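>>> show me the folded form of this:
(one chain, ligands or ions: 1)
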Amino acid sequence: MGNNIGFIGLGIMGKPMAVNLIRAGYQLSVYDINQDALNDLAQRGAVIAKSLQDLAANSDIIISILPDSPQVKEVTMGKDGLLAGLSSGKLFIDMSTIDAATEIEIHETFRQIGVDTLDAPVSGGQPGAESASLSIMAGGSKAAFERAVPVFQALGKRISHMGDIGSGQITKSCSQIATALATQGVIEAFTLAKKAGVDLVKVREALLGGFAESKALSITGDKIIREDFSPGFKLKLYTKDLRIAQNAASSYSLSLPGTQLMFQEMETLLQAGKGELDFSALIQVLENN
Ligand code: NAD
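The predicted structure is shown next:
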């Protein structure tokens, strides 16, 4: 014992993260509702857990990276969730992007059986997950954070302890607000360049040498120019993130006008059935105006 990790959620982010943990020498027990993803990980040396209780019983540290709060609640506190298999001394780390209130609820429930928890959402996208260079922003006790650091080091480069449980998710909302508004800047700039007949490839290159340089310009800008809207980061998940950010802001009586605008644009695309596309497809809102 000591080296066993249970890993739940093998999607765009979770799969490469699980692979990196295997590469770092951890024994992985994995769970997902997608059998193909499970088989893929089994071929790379992971054990497919028979159930969530089984995964909990056989792991010292349990990590989840799932779409949203309902899925995280289901796997933790749901009828066939982790709870029944957990025992004192284990550590649960949720790396999904969800609301801070759910992280606090899980923390309170697990604490009663001696299980500590961290909320540790990530930034860096699929490339960051693949190259183990994620930025990890964790909330929870210092002891739990220090216990998790070696695991985090196999997944990311910038590893930050933000404060109490839930503070990781607030930090992630900050990241999503800043990224959304930077993306909107790129989209508006590209829309103008296109209308004026200036080559987008040249615009991107010129801007990358100046103050406008950003990941939104280099990575998202490149996807927009190539019209490659394969995810990446699904628009439906980004919409969820901005809903979380707006709810957090409202709870402090704050209004965030730029975030609200981006949320409305994303909702427009979701209603047009484009939720599975990469969020760079946001350019289509302005193009269709
Ligand atoms: P994804 O949709 O690609 O993967 C989600 C995985 O969870 C899938 O394999 C799915 O089968 C599994 N799943 C769903 N419900 C489940 C359940 N009830 N039990 C077990 N497994 C279940 O999503 P993703 O892009 O990997 O994102 C995961 C989380 O990470 C989200 O909260 C997202 O906001 C966050 N995130 C994503 C990115 C990104 O660029 N993709 C970047 C940072 C953070």
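>>> now do the residue of the stretch 151-289 of the chain found nearest the ligand: how many residues are near it, please.
Distances between the stretch 151-289 of the chain and the ligand by CB to the nearest ligand atom are smallest at F233, namely 3.5 Å. Just so you know, the C-beta spots here come from the backbone N, C-alpha and C atoms, and that holds for glycine as well. Using other CB atoms under 10 Å, F233 has 19 neighbouring residues.
>>> kindly report the same for G45.
By the criterion of other CB under 10 Å, G45 has 12 neighbours.
>>> name the nearest residue to it, sequence neighbours excluded.
Nearest residue to G45, sequence neighbours excluded (CB to CB, 6 or more residues apart in numbering): I22, at 5.1 Å.
>>> up against the ligand, what does the stretch 151-289 of the chain have?
For the stretch 151-289 of the chain, the residues in contact with the ligand (CB under 6 Å from any ligand atom) are F233, L237, D241.
>>> name the helix or strand for the last one, please.
Remark: D241 resides in helix 235-251, with elements defined by DSSP states H and E.
>>> quick one: secondary structure of the residue in the chain that the ligand sits nearest to?
Proximity of the chain to the ligand (CB to the nearest ligand atom) peaks at G11, 1.7 Å away. Under DSSP: H, G, I helix; E, B strand; the rest coil, the three-state class of G11 is coil.
>>> for it, grab phi and psi.
Phi and psi for G11, reported as degrees, to the nearest 10, are phi -90, psi -150.
>>> and for D54?
phi -60, psi -50.
>>> tell me who's in contact with it.
Contacts for D54 (CB atoms under 8 Å, 6 or more residues apart in numbering) come out as S29, G85.
>>> re the thing from before, how about the residues of the stretch 151-289 of the chain next to the ligand in CSV, adding pLDDT?
Putting those into CSV (pLDDT from 0 to 100) gives the following:
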residue, pLDDT
F233, 94
L237, 96
D241, 98
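>>> in this structure the residue of the chain closest to the ligand contacts A37, no?
Yes: under the criterion of CB atoms under 8 Å, G11 makes contact with A37 at 7.2 Å.
>>> number of nearby residues for the closest residue to L200 other than its chain neighbours?
Computed as CB to CB, 6+ apart, the closest residue to L200 that is not its neighbour in sequence is I225, at 5.0 Å. Counted with other CB under 10 Å, residues neighbouring I225 total 16.
>>> element containing I225, please.
helix 221-226.
>>> buried ones in that helix?
Buried positions in helix 221-226, judged by neighbour count with 16 or more other CB atoms under 10 Å: G221, K223, I224, I225.
>>> quick check: mean pLDDT of stretch 242-260?
Stretch 242-260 carries an average pLDDT of 97.
>>> same question but for stretch 96-106, I mixed them up
Across stretch 96-106, the average pLDDT comes to 98.
>>> what does stretch 28-45 give?
Rounded mean pLDDT across stretch 28-45 is 98.
>>> next: stretch 164-172.
Mean predicted lDDT for stretch 164-172 stands at 98.
>>> which outside residues touch it?
Outside stretch 164-172, the residues that touch it by CB under 8 Å, 6+ apart are 97-101, 103-104, 107, 117-123, 137-141, 160, 162, 241, 244, 248.
>>> in PyMOL, select just the buried ones from those.
A single PyMOL command selects the buried members of the contacts of stretch 164-172 (16+ other CB under 10 Å):
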select buried, resi 97+98+99+100+103+104+107+117+118+119+120+121+122+123+137+138+139+140+141+160+162+241+244+248
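>>> tell me which residues touch the residue nearest to L200, please.
F190, L200, V201, R204.
>>> what number of residues lie near the first one?
Other residues near F190 come to 23 when the count uses other CB under 10 Å.
>>> quick one, what contacts it?
L200, V203, G221, I224, I225, I283.
>>> mind picking the two most distant members of these?
V203 and I283 (13.4 Å; CB to CB).
>>> so Q260 sits right up against Q246, yeah?
Yes: here Q260 reaches Q246: they are 6.6 Å apart, a contact under CB under 8 Å.
>>> more crowded one of these two?
Q246 (19 against 14).
>>> show me the contacts for that one.
Q246 neighbours (CB under 8 Å, 6+ apart): L256, T259, Q260, F263.
>>> secondary structure element for the second one?
Put plainly, it is T259. With DSSP H and E as the criterion, T259 is inside helix 257-271.
>>> buried set for that helix?
Those would be T259, M262, F263, E265, M266, L269, L270, for helix 257-271 by 16+ other CB under 10 Å.
>>> buried residues, the lowest-mean-pLDDT helix or strand in the chain. List them.
In the chain, the helix or strand scored least confidently by mean pLDDT, DSSP states H and E is helix 283-287, which has a mean of 87. Buried residues in helix 283-287, counted by 16+ other CB under 10 Å: I283, Q284, V285, L286.
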